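1. predicted coordinates and the sequence they were generated for:
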Amino acid sequence: MMPNDNKAYEQISLFVNKYRKILLIAAFVVTLVLPFVIKSQYIIRIIVMIGVYAVLGLSLNLVTGYTGQVSLGHAAFFAIGAYASAILSTKYGMGFFESAPMGALIAGFCGLLLGLPTLRLSGSYLSITTMGFCEVVRMIFLNWDSMTNGPMGIQKIPKPEFFGTTLTLGNKGLYYLMLAMVVVTTYCISAIVNSKTGRALKAIRDDELAAGMMGVRTTRMKVFAFTVSAFFSGFAGAFYAHMINYIDPNSFTFDTSILILSIVILGGMGTLTGPFLGSALLVSFPEALRFMQEYRFVVYGLILVIMMRYKPQGVLGGQKRTPYVLPKGVARPETAKAKE
Amino acid sequence: MLFQQIINGLTLGIIYALVAVGYSLVFGILRLTNFSHGSVYAFGAHISMVLIGYSFGMLLGIVVSVFLTGLLGILINKVGLEPLRKKKSKGISSLITTIGISYIIQNLLMIIFGSETKFFPKLFDYGNVTLGSTIIGIRQFIIFGIALGLLGLLTYIVNGTKIGLAMRAIEQNSKASNLMGIKVNSVISFTFFLGSASAGIAGTLISGYYQMVYPTMGVMVGLKAFAAAVLGGIGMLHGSIVGGLVIGLSETLAATYLGGSYADAVAFIILMIVLLFRPWGLFGKQDITKV
């Protein structure tokens, strides 16, 4: 006998599969008109933050979910992107659309620099190195006063401008910019994951030794995943900096890295939709639990513990439940279904 | 000046070593990085503060608080981690669980005690010794002595007693040791007790040294002690001790000669450099991958 919730889950996934196109279009329309329906700027702001963290989650997912390397320092790339873009725009007068890609490139380059020597390490050693890297980056931003203004942070980062219009939360510009960023990131990550490279990455995750034996250049592939991931995290950082207008080293601590990792794991490692769900849950939890005030981080911890105990593969992770689409005229055998 | 700083660094380092040993013990047996360890350290310091404040007397207060901290370790293992082991979950689920537990402990401390920095009574205040131009507090010697004694005791427990033998057996192969009649879960609980108790002692000693306590005190110490454990070769007790001393020393020296704001990063820079050349740490054994 199948438990009840599994049945419901299966029905949902069946339904989703059947009306995939209609649902996609509906989701598309909903996301497009959403800012016109929701009037509260506060909620729009949370939604935009969910988008930022979804991009971060997607990029970490490439490293952790698809390649199996646990990085505890992804806030570093987030910070590098944010700082690089903020400095370029405040000190060198670049607009968002020049400074943000530059920031992302710099973050990607740092990912390459960190990845080349450290990805020979594995397991806990890699985790602690990435964590240390994050701490070192934060320390540099804290002490490099002439560039980063030290603990005071960088203020008055200009909002993005698009053909003369300043994009803000109020005129919904930032929302659509976030949407564009999310769409591009999702497209790129899904293209990588479904390519030959993506299969190589998954092979490394499942068995690095065997993948190496089959001719996958494991170190090169890992460095590639790391660099791409750093690039997109950096872009998210740049967007964040220009949205908030103010950054300081304390916005990018170990806690941020853990939040990104929790988003990936809670949503479901190695899935494309997981980071969206994880980000929606974890970013909105502290906001939704505001009435509990100081207890909300206790609840946050409890959620992590309980999730890991009862659904460690994440909400959307685990085996795909969508049934295999049989050719027309072939009946689905009942016995096979019961075995699932 | 230099001599003074070296003494200060060694005092700090031996505390890191005590915390690092906790990481090392748990990692040795479970291959798990226990991220709740830093908050256990903070818990120990807070309980000590309360008990010493309630006129338990210093010695009894410390002993009771260390015992309670050890019990917290067992609780973490029983409630959080043992069910995961039963389900044979992936390592990363346990990792996230310990992160969640750390959030819970740290924020409960914040709710109960308030997030501000609180005064901790001075421990072992027996004045100073003057050696040439350097002034060394006797409490520094006492802290160093206590920590060194405890580390010696831990090393003896792991290498010289029956339960230590069981711990090392589980480290090599938990299934086989189960078949040999070792109660794997009790031994793991005992390991958690040892690790948490030593973190509790470390927390108490350092609070007595700096005379302050706050709920997030474990975050940075936890990370640095983890770095120390990895630096020495995680899973190796003597490695943790050397790693702790190296990190404590380098941090104090960096704070003196480079400025206080660099002190926190030095530990990680040293760690990263060492890992580049010896990825398995200073004393660690290189893992052999079997097919």
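-> Arrived safely. Numbering: from 1, shown residues only, chains lettered A, B, ... in the order given.

2. contacting residues for B:Q211?
-> By C-beta atoms under 8 Å, 6 or more residues apart in numbering or on different chains, the contact list for B:Q211 reads B:119-122. No exception for glycine: its C-beta is placed from N, CA and C like everyone else's.

3. now do the helices in the stretch 101-250 of chain A.
-> A:123-143, A:145-148, A:173-193, A:196-206, A:208-213, A:218-244 (DSSP state H, counting those that start in this stretch).

4. hey, which of these is tucked in deepest?
-> Neighbour counts (mean count of other C-beta atoms under 10 Å in any protein chain shown) averaged over each of the helices of the stretch 101-250 of chain A peak at helix A:218-244, with a mean of 25.

5. show me what that one is packed up against.
-> Helix A:218-244 makes packing contacts with helix A:41-61, helix A:74-91, helix A:96-118, helix A:173-193, helix A:196-206, helix A:208-213 when contacts are defined by 3 or more C-beta pairs under 8 Å, 6 or more residues apart in numbering or on different chains; DSSP states H and E.

6. got the buried residues for the second one?
-> Of the residues in helix A:74-91, those buried under the neighbour-count criterion (16 or more other C-beta atoms under 10 Å in any protein chain shown) are A:74-90.

7. what's the answer for the third one, then?
-> Residues of helix A:96-118 classed as buried: A:96, A:99-112, A:114-115, A:118 (neighbour count, 16+ other C-beta under 10 Å).

8. out of the residues you listed, which touch chain B?
-> A:T118 (C-beta under 8 Å from any C-beta of the partner chain).

9. now do the contacts for residue 105.
-> All of this refers to chain A. Residues in contact with A:L105, defined by C-beta under 8 Å, 6+ apart, are A:231, A:234.

10. sorry, should have said chain B
-> Residues in contact with B:I105, defined by C-beta under 8 Å, 6+ apart, are B:36, B:39-40, B:42-43, B:72.

11. which of these fall within strands?
-> With strands defined by DSSP state E, no entry of those lies inside them.

12. among those, who's most crowded?
-> B:V40 (32 neighbours; other C-beta atoms under 10 Å in any protein chain shown).

13. B:T69 is in contact with that one, correct?
-> Yes. In terms of C-beta atoms under 8 Å, B:V40 counts as a neighbour of B:T69; the distance is 6.2 Å.

14. find residues that contact each of these two.
-> Residues within reach of B:V40 and of B:T69 at once, by C-beta under 8 Å, 6+ apart, are B:196, B:199-200.

15. any idea which of the residues you listed is closest to B:G233?
-> Minimum distance to B:G233 across the shared contacts of B:V40 and B:T69 is 19.6 Å, recorded for B:A199 (C-beta to C-beta).

16. how far away is the closest residue to that closest one other than its chain neighbours from chain A?
-> In this structure, B:A199 finds its nearest non-sequential neighbour in B:Y41, 4.3 Å apart by C-beta to C-beta, 6 or more residues apart in numbering or on different chains. Noted for B:Y41: a distance of 16 Å to chain A, by C-beta to the nearest C-beta, to the nearest Å.

17. could you pull out the strands for the stretch 101-250 of chain B?
-> Assigned by DSSP state E, counting those that start in this stretch, the stretch 101-250 of chain B shows strands spanning B:118-119, B:128-131, B:134-137, B:212-213.

18. quick one, which of the ones you listed is packed in tightest?
-> strand B:212-213 comes out most buried of these by mean count of other C-beta under 10 Å, with a mean of 20.

19. strands paired with it, and their directions?
-> strand B:118-119 (antiparallel) (DSSP bridges).

20. list phi and psi for the closest residue to A:T166 other than its chain neighbours.
-> Leaving aside its chain neighbours, A:T166 sits nearest to A:K159 (5.0 Å; criterion: C-beta to C-beta, 6+ apart). A:K159 adopts backbone torsions of phi -70, psi 150, taken as degrees, to the nearest 10.

21. what residues are up against A:K159?
-> A:K159 touches A:96, A:166-168, A:174, A:242-243, A:245, counting by C-beta under 8 Å, 6+ apart.

22. go again using 7 Å as the cut-off
-> A:166-168, A:242, A:245 (C-beta atoms under 7 Å, 6 or more residues apart in numbering or on different chains).

23. please apply the same query to B:Y16.
-> Going by C-beta under 7 Å, 6+ apart, B:Y16 touches B:224-225, B:228, B:244, B:247-248.

24. for chain A, which residues are neighbours of chain B?
-> A:70, A:117, A:120-121, A:124-125, A:127-129, A:131-133, A:135-136, A:139, A:142-143, A:209, A:254, A:258, A:262, A:265, A:294-295, A:297-298, A:300-302, A:304-305, A:308-309, A:312 (C-beta under 7 Å from any C-beta of the partner chain).

25. please enumerate the helices of the stretch 51-200 of chain B.
-> Using DSSP H, counting those that start in this stretch, the helices of the stretch 51-200 of chain B run over B:58-75, B:82-86, B:91-113, B:138-160, B:162-172, B:174-179, B:184-210.

26. deepest of those helices, which one?
-> Taking mean count of other C-beta under 10 Å, helix B:184-210 is the most buried of the helices of the stretch 51-200 of chain B, at a mean of 25.

27. elements contacting that one?
-> Judged by 3 or more C-beta pairs under 7 Å, 6 or more residues apart in numbering or on different chains; DSSP states H and E, helix B:184-210 is in contact with helix B:2-30, helix B:37-53, helix B:58-75, helix B:138-160, helix B:162-172, helix B:174-179.

28. tell me what angle it forms with helix B:162-172.
-> 110 degrees (axes from the mean of the first three to the mean of the last three C-alpha atoms, to 10 degrees).

29. so where is chain B shaky, pLDDT-wise?
-> Applying pLDDT under 70 to chain B flags the ranges B:125, B:287-291.

30. chain A contacts on that one?
-> Neighbours of chain A within chain B, by C-beta under 7 Å from any C-beta: B:33, B:80, B:83-84, B:89-90, B:92-93, B:96-97, B:99-101, B:103-104, B:107-108, B:110-111, B:223, B:226-227, B:230, B:234, B:261-262, B:264-265, B:268-269, B:271-272, B:275-276, B:279, B:289, B:291.
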